[in-house]
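Trainee: The sequence isn't on hand, but the structure is:
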């Protein structure tokens, strides 16, 4: 497998570099995920507040039901869109984190 100590040291360094790259990519993607969740929460709170203000300003029961229905539809569509976006980020995160390790794994399998 290894013919001398230098080969073993080089192999160890390559593995450590791959692990460090994977960790850096993972951290970057976690920051993206946190920012996305924060933005969604802020937007959702603003929309909820606006809907509540409209609801308090409703002059009739029909208008109140209309406001509530519109808000529920908007909130559901926003949630589905955000869940899809977060799923895509998680998928990209897993793929990006594995890229540096794939090359290291291929080297291990080749030896």
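Mentor: Yep, that arrived. The structure presented is a predicted model; accordingly, all values stated were derived computationally and were not measured. Numbers count the residues shown, from 1 in each chain.
Trainee: Quick one: neighbours of residue 100, just the number.
Mentor: Neighbour count for residue 100, taken as other CB atoms under 10 Å: 20. Glycine gets a C-beta too; all of them are placed from N, C-alpha and C.
Trainee: Let me see the ranges of the helices in this protein.
Mentor: With helices called from DSSP state H, the chain shows them at 5-56, 61-110.
Trainee: so can I have TSV of these showing mean pLDDT?
Mentor: Putting the helices of the chain into TSV (pLDDT from 0 to 100) gives the following:
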stretch	mean pLDDT
helix 5-56	88
helix 61-110	87
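Trainee: Which residue, other than its chain neighbours, is closest to residue 29?
Mentor: In space, and not counting its chain neighbours, residue 29 is closest to residue 93: 3.9 Å by CB to CB, 6 or more residues apart in numbering.
Trainee: my guess is that neighbour contacts residue 33, does it?
Mentor: Yes: in this structure, residue 93 sits in contact with residue 33. The criterion is CB atoms under 8 Å, and the distance is 7.2 Å.
Trainee: got the buried residues for stretch 23-30?
Mentor: Judged by neighbour count (16 or more other CB atoms under 10 Å), stretch 23-30 contains these buried residues: 25, 29.
Trainee: just stretch 64-83 next, same as before
Mentor: So for stretch 64-83, counting by 16+ other CB under 10 Å, buried means 67, 71, 82.
Trainee: Surely the second one touches residue 48?
Mentor: Going back to what we said before, that points to residue 71. Yes: taking contacts as CB under 8 Å, residue 71 lies within contact range of residue 48: 7.4 Å.
Trainee: For stretch 58-75, give me every contacting residue.
Mentor: Applying CB atoms under 8 Å, 6 or more residues apart in numbering, the contact partners of stretch 58-75 are 44, 47, 48, 51, 54, 55.
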